[in-house]
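Q: Curious how this folds, go ahead:
(one chain, ligands or ions: 1)
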Amino acid sequence: MITMTFDRHRRLRANAGIRSLVREHRVTVNDLIYPMFVEEGLKGTSEITSMPGVMRYGLDEFRKEIVRLSSLGIPGIILFGIPSEKDELSSSAYADKGIVQEAVRAAKSENPDLVVMTDVCLCEYNPAGHCGLVRDGKIVNDDSVQLIAKTALSHAQAGADIVAPSDMMDGRVQRIREVLDDNQLTDVSILSYAVKYSSAFYGPFREAADSTPAFGDRKSYQMDPANAREALREAESDVMEGADMLMVKPALSYLDVIHRIRETFTQPVATYNVSAEYSMVKAAAKAGWIDERAIVMEMMTSFKRAGADIILTYHAPDVARWLREENA
Ligand code: PBG
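A: Predicted structure coming up:
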C-alpha cells in the first residue's frame, strides 16, 4: 500500500451540509443598502437605460418602493437627488424642501425603522457637474467643505440617520461633525466615502444622477486607481476627523483595498458595488452569457470575504429575494 502524505482538503467539501458548516463568510439581507434616485417633480418612475431595473422615482412611487423594500427585509437605503434646478452654489442641495430632504421625510414616515442614509455631494446640483464649488476652472476645497457641511446638516435635520459625504474634499468630515454637534445632532452618524477612486465604473451613475462633469474630470479630488497606501492615509484622516464608518468605492476592482482598510481600522467598513459593476452584469446576463444569480452572489460573497460589513448595491432587492428563497 502506498502511504499518502498530502492533506485531504476535499473531505470538508464532501457534501452540502459539511460545506455549509465550514463556510467562512455569508451574505445576509442585513448587509445590504439599496441606492435610490429621487427626482424632483417626476411623476411616476423613469428607468435608467444603462442600469436595467434601476429607476428614478418621483416621491409618490418612492413611497411605494419603500414599502416593497421594507417587506423584503432590506435594512437601509442611500439617497441621491436629481433637483429640478441647478445653480453655481448648488443651493438645491441644502434647501429644506430639496428633493433628498423630502425623500428622507417620506421614507421615515413609511417606515421609521428603515436606516436612511444620504449621499452628501454637490455634483447633481451645479451646472459644472463637479462635487465641489468651481472657481476659475478649479474645484476649491475649503469653501466647498462649508456647502457640503450645510448639505449634511439639512439631510440630518430632515431625519437622516447617516450622512455619507462622497465629494472627496479634505476636512469635510471634521466640518460635518462640528456642524451636526453644534445643532444637537450628535446621534447622526457619518459614513465617509473615505476611499473613493476616480473610476470609469461610475459612468452609468452619471446618466442616472445627471452629474457628468461639464468640463475636465474628477482626478484632482478622487483617488488614483493605482494607489493603495494612500487609501490608508485617506481613511486615517477621516477617522481622526470623526468618521463612524469607512467606505471603499468601487468594490469589485478594489477588494485588496477593502481588505487593507479592514485590517488597519476597527470601524465598520462599507463598500459600494457601483453602477458599471451592475451594468456589466446586467448586459452579460441579458445576452445569456452568464448566470446572473450565481455571479451576483459570488460578488457579494467576495465583498464579505475582503472584509466589508456593509454592501451598497443596486442588486439589493434581487439578493434579498434570492436569500429568502434559499432559506425557505
Ligand atoms: C457623487 C457620487 C458618484 C457615485 C456615488 N456618489 C459619482 C461620481 O463621483 O462621479 C457613483 C455611484 C455609482 O457609480 O453607482 N459624487
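Q: Quick check: buried residues in the longest helix along the chain?
A: In the chain, taking DSSP state H as the definition, the longest helix is helix 142-158. Neighbour-count burial for helix 142-158 flags 144-145, 147-158 (criterion: 16 or more other C-beta atoms under 10 Å). In short, each C-beta sits where N, CA and C put it, glycine included.
Q: And for stretch 105-113?
A: For stretch 105-113, by 16+ other C-beta under 10 Å, it's Arg105, Ala106, Ala107, Lys108, Glu110, Asn111.
Q: Can you give me the distance of Arg56 to Thr49?
A: With distances taken as C-beta to C-beta, to the nearest Å, Arg56 is found 11 Å from Thr49.
Q: More neighbours: those two, which one.
A: Shown here are Arg56 and Thr49; by other C-beta atoms under 10 Å, Arg56 has more neighbours (21 against 11).
Q: Next one: the stretch of helix or strand the more buried one belongs to, is it in contact with the ligand?
A: For Arg56, the host element (DSSP states H and E) is strand 55-57. No: Strand 55-57 is not in contact with the ligand by C-beta under 6 Å from any ligand atom; minimum separation 13.5 Å.
Q: For that strand, name the packing helices and strands.
A: strand 32-39, strand 45-47, helix 59-71 (3 or more C-beta pairs under 8 Å, 6 or more residues apart in numbering; DSSP states H and E).
Q: So for the ligand, which of those sits nearest?
A: strand 32-39 (6.5 Å; C-beta to the nearest ligand atom).
Q: Mind listing residues that contact the closest one?
A: The contact list for strand 32-39 (C-beta atoms under 8 Å, 6 or more residues apart in numbering) reads 46, 48, 54-59, 62, 65, 69, 74-82, 99-100, 102-103, 115, 117, 119, 208-209, 270, 272, 310-314, 316-317, 319-320.
Q: Now it: average pLDDT?
A: Averaging pLDDT along strand 32-39 gives 98.
Q: Next: stretch 307-317.
A: Across stretch 307-317, pLDDT averages out at 98.
Q: can you tell me the distance between the two ends of that stretch?
A: Here the two ends of stretch 307-317 are set 22 Å apart, with distance taken as C-alpha to C-alpha, to the nearest Å.
Q: ranking the helices and strands packed on strand 55-57 by burial, who's on top?
A: Ranked by mean neighbour count, these are led by strand 32-39 with a mean of 24 (mean count of other C-beta atoms under 10 Å).
Q: can you tell me which residues contact the residue nearest to Ile148 when sequence neighbours are not counted?
A: In space, and not counting its chain neighbours, Ile148 is closest to Arg172: 4.9 Å by C-beta to C-beta, 6 or more residues apart in numbering. Counting by C-beta under 8 Å, 6+ apart, Arg172 touches Ser144, Val145, Ile148, Ala149, Pro165.
Q: quick one: the last one and Cys121 touch, right?
A: Yes: under the contact definition of C-beta atoms under 8 Å, Pro165 touches Cys121, with a separation of 7.1 Å.
Q: Between these two, which contacts overlap?
A: Ile148.
Q: Compare these two and say which is more crowded by neighbours.
A: Taking neighbours as other C-beta under 10 Å, Pro165 and Cys121 compare with Pro165 leading, 29 against 25.
Q: quick one: that one from the ligand, how far?
A: Separation of Pro165 from the ligand (C-beta to the nearest ligand atom, to the nearest Å): 9 Å.
Q: Report the beta-bridge partner residues of that residue.
A: Going by DSSP bridges, Pro165 is paired in beta bridges with Val120.
Q: Contact partners for it?
A: Residues near Pro165 by C-beta under 8 Å, 6+ apart: Val120, Cys121, Ile148, Ala152, Arg172, Val173, Ile176, Ile190, Ser192, Tyr193.
Q: isn't the fourth one right up against Val163?
A: Right, the one you point to is Ala152. Yes: the pair Ala152 / Val163 is scored as a contact, 4.3 Å apart, by C-beta under 8 Å.
Q: list residues touching both of those two?
A: Counting by C-beta under 8 Å, 6+ apart, the residues touching both Ala152 and Val163 are Thr118, Val120, Ile176, Leu180, Ile190.
Q: Just among the residues you listed, which is most surrounded?
A: Val120 (31 neighbours).
Q: Show me how far stretch 151-170 is from its chain's centre.
A: Relative to its chain's centre, stretch 151-170 lies at 13 Å (C-alpha atoms, centre = their mean, to the nearest Å).
Q: per-residue confidence averaged over it?
A: The model assigns stretch 151-170 a mean pLDDT of 98.
Q: Only the C-alpha atoms, please, for it, written as CSV.
A: Once non-C-alpha atoms are left out, stretch 151-170 reads as follows in CSV (Å, rounded to 0.1, in the frame of the first residue of the first chain):
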residue,chain,number,x,y,z
THR,A,151,-26.0,69.9,2.9
ALA,A,152,-25.2,67.2,5.5
LEU,A,153,-26.9,69.3,8.2
SER,A,154,-30.1,69.8,6.2
HIS,A,155,-30.3,66.0,5.5
ALA,A,156,-29.8,65.3,9.2
GLN,A,157,-32.5,67.9,10.1
ALA,A,158,-34.9,66.1,7.7
GLY,A,159,-34.3,62.9,9.7
ALA,A,160,-31.4,61.1,8.0
ASP,A,161,-29.7,58.5,10.3
ILE,A,162,-26.4,58.6,8.5
VAL,A,163,-24.8,61.2,6.2
ALA,A,164,-22.3,59.9,3.6
PRO,A,165,-20.1,62.6,2.1
SER,A,166,-18.9,61.5,-1.3
ASP,A,167,-17.2,64.7,-2.5
MET,A,168,-13.6,63.8,-1.5
MET,A,169,-12.8,67.4,-0.3
ASP,A,170,-10.3,67.4,2.5
